[in-house]
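# Would you be able to build a 3D model of this:
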Amino acid sequence: FGILFNPHSISRALRELGPKASGAPGGGLYTEADLVQAGGGYWCSLQHHSAFNRATPEETLSAINTRLVAGRRAMQEADHIV
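As a prediction, the model looks like this:
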């Protein structure tokens, strides 16, 4: 997601990673409908850090969804969250 500062953003991120996560705005994983094309031709999600921006929607979604799945797995395996 990137750096989260406010309670709403933190809550949203935790809901996406939680055991009953409905996932991204499109449900489950992010889709091309969740992306916008930014200046310079890069594709990005407004919910994620610019480090996830890529030249194509497919590359952007792969970067985002790979980390989302890994984050969900880490949350399921965690004993504590600080």
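
# Tell me where this structure has strands.
35-37, 43-45 (DSSP state E).

# Can I get the ones you listed in CSV including mean neighbour count, distance to A74 and mean pLDDT?
Where you see a C-beta, it was placed from the backbone N, CA and C, and this is true even at glycine. Listed next are those as CSV, based on neighbours: other CB atoms under 10 Å; distance: least, CB to CB, whole Å; pLDDT from 0 to 100:
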stretch, mean neighbour count, distance to A74, mean pLDDT
strand 35-37, 14, 24, 96
strand 43-45, 20, 20, 96
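
# With distance to I10 as extra columns, can I get those strands in JSON lines?
Output for these, formatted as JSON lines (distance: least, CB to CB, whole Å):
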{"stretch": "strand 35-37", "distance to I10": "23"}
{"stretch": "strand 43-45", "distance to I10": "17"}
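
# Nearest to G18, out of these?
Closest of the strands of the chain to G18 is strand 43-45, at 19.1 Å (criterion: CB to CB).

# Surely H49 is in contact with S9?
No. H49 is beyond contact range of S9, at 11.7 Å (criterion: CB atoms under 8 Å).

# Quick check: neighbours shared by these two?
Residues touching both H49 and S9 (CB atoms under 8 Å, 6 or more residues apart in numbering): F1.

# picking up where we left off before, relative to E59, which of the strands of the chain is closest?
So among the strands of the chain, strand 43-45 is nearest, using CB to CB, at 7.6 Å.

# Other residues contacting that closest one?
Contacts of strand 43-45 (CB under 8 Å, 6+ apart): 30, 34-38, 50, 52-57, 59-60, 64.

# re earlier: out of the strands of the chain, which is closest to H80?
Among the strands of the chain, strand 43-45 comes nearest to H80, with 28.4 Å by CB to CB.

# Could you check how far L35 is from L46?
9 Å (CB to CB, to the nearest Å).

# whoops, I mixed them up, R54
For R54, the distance to L46 - CB to CB - is 15 Å.

# residues touching H49, list them.
So H49 contacts 1-3 (CB under 8 Å, 6+ apart).

# Select only the buried ones of the residues you listed in PyMOL?
Here is the PyMOL selection string for the buried members of the contacts of H49, based on 16 or more other CB atoms under 10 Å:
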select buried, resi 1
